[in-house]
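Engineer: Curious how this folds, go ahead:
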Amino acid sequence: MEDNSSCSSTGQASFLQRTLECLSSSRLKLQTEEAAPVAVTALQRYLCEQAEGQQTDSYSYDVTVTDGVCRAKCFVHPSLNHLVHTNILRTGVDIYITQGSFVYNERRLGHGYICIEKLRCAAGRSAVLPRIKDVSSLPMLVKHGMERSVLLQSDVPLQVSRKHYLSLWNNDDPEGDIWISGGPPSDAVLDVSKITLLHSLESCFRNTWKPLPLLVKIIHKSRLRYYGKFGLKIDYPYQAYFEVADQSGTMSLVLWNELCPEFYQRLNVGTVLYLQSYTLKQSYSNRSHPQMDHHRMKTFNSIEICLNPRNPTSVITVVSPKSVLPQWGLPEVSYQFITRSELEKLSNNSACDVIGLVTFVGRVERVKSKGNKGPEKYWTYRWIHAVDGTSDQPFILEVFSSSQPEIFSRICPMTYLVCTQMRVCKVENSLPYLTSSCETETFITGYHKGQPYVSDPKVKSFIQWTKTLKDNVVLQKTAVGGHYCYPRPPQKCTQSMSDPSAQAPLVAAADLKRELETLQYREHKRLAIQGQITAVRYMKSPKTTEPQQTQEKESTGVLQVPDVSSDVHERAVPDTHNHPSTAEQTSEASLTSPSVEEISASRSKRRRIQTRRAGLETTEQEEKDSDSESEEAHSVEDSHVLSWESSSWPEQLHEVKEHLCQGALYQDSISRRFTFDEKDVLLQWGNLQPTRWAPEQTTDTIPPVVCQGYYRVTILDEPRAVGLPQDPHGNTMLSCLSSGFLCPLSDPVNHSETALPEPEDILETACELEDMHVVCILDLCHLGGDKVEVLMNKVYRVTDNEVQPN
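Structural biologist: Below is the predicted model of the structure:
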C-alpha cells in the first residue's frame, strides 16, 4: 500500500515527505549523508517515559521541523539530548537529519512518529526560514492511515503517557495551549446569604461538616509548582498556593492538577472568588509563606482550602469586579512598598515591595535546584538594577521567574518595574540586595493597569519623580546583558573540600573538568579551586569571536574592567554628577558587564574587574569608552603581548598533563548600552533560546564590543590544605586579582579619577605571585555551543591554617 501524507496536495517536492515514505517501508530506518536542510521551528520538553533498568535523561524532547513545504513533528532520540542541553539544537537553525526511524506506538492504534537518531547542525543563519511567509500555515506531515492522530497535529507530546509540555528551560512557567490566559468573569447573580467565613472553617474541619460556599479575595499568589516524577499517574501534576481573605481573616488556598491550566492565569491578586465543593485539609507546614503582618488581619494556619478537579469537583466562580459589593466586607489588598533610601533600615529576610526605573538588566541564567528528590530541576533568574530617586544607589534585584514568562522576558531598561514580596539579603562587604520569594510577582510598563498597587502613595510618588527625568540622560546610564556577579565572596575563606554546602565548594582539578563538561546552557555555578599563579599575560586586542583552540596546556579565563565614565549605579536624575559613596562603591560601564561590591580599602572610585575563566588560566580586560567607535579587534596571536612567568613555569609546563580550557573574552560576557533602536535584538540576546521560532525572531547581530586588552592568568592546579586580611589596594597584580577591580589613578591637577594604571606597571608587580598558593572563586556559565564562560571572582592567599583574602 502506498503511503501518502498531508503534504501531497501542495504539489511541491518535499524532503520530509520523501523521508517519511522511505521510513514507512519495511526497513523503518533511514540513513543518508545527502540530507536536505530542514529548519527547527519548535523544540518542546516533557518528562520522559523511563524504562525499567534503563538509565535515561529526566526529560524527552519533540522537535518540529520544516523543509518549506510541510512540517513534521519528530521525537529526538535521547542520545541527542546533549545537543539541546548545550543549545546547539535550537529553534531558528537548520539541521540535516542523517539517520532516523519510524516508531509505531504499541499502546495506541494509529499512532506513530519519526524518531531522529542522528543529525548535523548547520552553521550560520537558516537558509529555509527566509523563504517561508507563514510557518503555521504549512501542513503537518502525517503518515497515511494516521491522519486522525491528534498528537501529531496538536500541542501534546508524542509519547502518549504525557499530556502536556513543560517550559523548555524551567518547570515553573506555563507552557502550551492548555494554559487558559483569561476568560470573562461571571456576571451571574450570587446567593451570598448562605456563605461561611474563614474563621468558621476550623470547626467544620474538626467536625467533618460539609462547609458552605466561600466568598473571598486573593491577596497573594505563588509561582506554579510542578511536582511530576517517574511513576506518578497524574496527567497534570501542578500546584499553586494563594492567600485569600474575607472580613474574618486570611487562609491558604491550594489549586490542584488540571485546575491549574484552567484557572492559574485567571486568578490574580485582587480577584474575588465564589467557591463551592472545596475540601479542607491540614496545612502543609514545610512551605514558604508570604509575610502578611501589614494586612493586620488574623491568619488561620492550621488548615488550608483545596480546590480539586474531582472527588469532589470544585466549582470556582470568578466574580466580575463590577459585581463586587461593599457590603460583602472584603478587605482591600495591602502592600508594603519601600524606597531605596529605606532599604538599609530593614532587617535580613524582611519582605517588601519595590517600584523603580530599570537601568540594568542582566542576561537570564539558570541554577540547578538543590535537594530536589525528583527529576532535575532548574530555576531561571536575572539580575536587575532599578532606581527610584531617593538614593544614589539602585535597588539590586535578583529576580527569579515567577510563572509570568511574558513579563520576565520583556524586562528592559527604561521600564517601570514592580516586584512584590521581595526578601532582603544582607551580606558582608556588599550592599544589601533583594531576592524573589515564592510569592513574588513582577510587573512592567504595559501591565500596571488595573493592579491594586496603582493607588499606593509611594507608587504615586515614584511616578511623579519619573516625570522630572529626561530619557536621553537616563539612557546614558543603562546597560543590558553580560556577566554579572553578586554578592562579593566573603573577606575570609575558611571552607574545605569536605564542605559541599558552601556557597563556592572547593573542588579538585578533576572535579572542575567534570563540572565544565556537564554544565548546561546558561547554567551558573560558583566553585573554588586552589593552585599557583604561574604566568600572567596582557593581550592588547582581545578577540571578538570565539577563541581559537591552542596547544597550551593551561586553562584560561578573562578579567574584565568596565569604563568608569558610565556608571549605571549612579542615581538616574537629570544633571547630576554625584557618584556613589566611596565606602560602598558600585561601578560599571555601558559596554561591560556590571557588578556591584562594597569597597572599603580606598576612597577613590573603583573599576570593576570581571574574570572570564575557562579552566585554570584567567584574564583581566580593559574596555574602551562606550562612545568610542566599534572596530574589529585583532586576534590575540597577532597582538603585542606583555607577560610575566614564574621562574619554575617553563619547567612545570612540560609536566602539565591537561589544559581544562583556553581563556579569551566572549562577547556574551560583556554588557552594553541599551538603545530603543536595538531593543528587540538586545532582549533576544539576553533571554534564553525560545521554544518556538517566530518571524519577529531577528537574525540581526549586535556589533562587537571592542576592548583595549585583557590579562590572562595561568593557574597551575595543586592539591594543598586550605585562609588573609585585605591589604590596601596598590594596583599590584595580586591586589587586582584578589579585590576584583583596578583602582583609577587620581590626577592631582584636575582632581580626575579616570586614568588607569598602565599594564606594564601592573605586570611589574606580578613577581610577588612567585610560589604563592591561592584559592580562586570561579563563576561558571555555559553560553551555548562550545562556549563556557569561567570568571575569576576573587583570589585568596593560602596559609597552612586558613585562607585569607588578600
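Engineer: Please identify the pairing partners of the helix or strand harbouring residue 117 and their relative orientation?
Structural biologist: In this assignment (DSSP states H and E), residue 117 forms part of strand 112-121. According to DSSP bridges, strand 112-121 forms sheet pairs with strand 71-76 (parallel), strand 94-104 (antiparallel).
Engineer: In terms of secondary structure, what does the one helix or strand residue 790 maps to contact?
Structural biologist: Counting by DSSP H and E, the element that carries residue 790 is strand 787-798. Where contact means 3 or more C-beta pairs under 8 Å, 6 or more residues apart in numbering; DSSP states H and E, strand 787-798 is packed against strand 556-561, strand 610-614, helix 733-739, strand 773-784, strand 803-805. No exception for glycine: its C-beta is placed from N, CA and C like everyone else's.
Engineer: ok, of these, where does mean pLDDT dip lowest?
Structural biologist: Least confidently modelled of these is strand 610-614, at a mean of 32 by mean pLDDT.
Engineer: Now do the strand holding residue 117: distance to the chain's middle.
Structural biologist: 29 Å (C-alpha atoms, centre = their mean, to the nearest Å).
Engineer: Enumerate the positions of it that are buried.
Structural biologist: 112-117, 119 (16 or more other C-beta atoms under 10 Å).
Engineer: And stretch 314-334, by the same measure?
Structural biologist: 314, 316-319, 328, 330-331, 333-334.
Engineer: Need the residues that contact it.
Structural biologist: Applying C-beta atoms under 8 Å, 6 or more residues apart in numbering, the contact partners of stretch 314-334 are 183-188, 190, 192, 215-217, 219, 245-247, 259, 263, 266-267, 269-279, 294-297, 306-308, 452-453.
Engineer: With stretch 201-210 instead?
Structural biologist: So stretch 201-210 is contacted by 196, 211, 251, 280, 282, 300, 302-303, 305 (C-beta under 8 Å, 6+ apart).
Engineer: and which of these is nearest residue 511?
Structural biologist: residue 282 (43.2 Å; C-beta to C-beta).
Engineer: isn't that closest one right up against residue 301?
Structural biologist: No - look at residue 282 against residue 301 with C-beta atoms under 8 Å: they stay out of range, at 10.3 Å.
Engineer: Give me the common contacts of these two.
Structural biologist: Between them, residue 282 and residue 301 share no contacting residue, judged by C-beta under 8 Å, 6+ apart.
Engineer: Identify, by residue count, the longest strand of this protein.
Structural biologist: Of all segments of type strand in the chain, defined using DSSP state E, the longest is strand 524-539.
Engineer: That one - contacts with which helices or strands?
Structural biologist: strand 365-368, helix 509-518, strand 641-645, helix 649-653, strand 707-717, helix 759-764, strand 773-784.
Engineer: can you rerun that using 6 Å?
Structural biologist: With contacts defined as 3 or more C-beta pairs under 6 Å, 6 or more residues apart in numbering; DSSP states H and E, strand 524-539 has these neighbours: strand 641-645, strand 707-717, strand 773-784.
Engineer: Output the contacting helices and strands for the second one.
Structural biologist: Yep, that's strand 707-717 we're talking about. Using 3+ C-beta pairs under 6 Å, 6+ apart, strand 707-717 sits against strand 524-539, strand 556-561, strand 617-623.
Engineer: Extract the CA atoms of that strand and return them as CSV.
Structural biologist: C-alpha atoms of strand 707-717 as CSV (Å, rounded to 0.1, in the frame of the first residue of the first chain):
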residue,chain,number,x,y,z
CYS,A,707,38.2,46.2,24.3
GLN,A,708,41.7,47.7,24.7
GLY,A,709,43.1,44.5,26.2
TYR,A,710,43.0,41.9,28.9
TYR,A,711,45.2,40.0,31.3
ARG,A,712,45.4,36.2,31.1
VAL,A,713,46.5,34.5,34.2
THR,A,714,47.6,30.9,34.3
ILE,A,715,46.9,28.8,37.4
LEU,A,716,48.5,25.5,38.0
ASP,A,717,46.4,23.2,40.0
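Engineer: Walk me through which strands that strand pairs with, and which way each runs.
Structural biologist: strand 524-539 (antiparallel), strand 617-623 (antiparallel).
Engineer: now the helices: where do they sit in the stretch 201-350 of the chain?
Structural biologist: 201-207, 259-263 (DSSP state H, counting those that start in this stretch).
Engineer: mean pLDDT lowest for which of those?
Structural biologist: Across the helices of the stretch 201-350 of the chain, the lowest-scoring stretch is helix 201-207, with a mean of 80.
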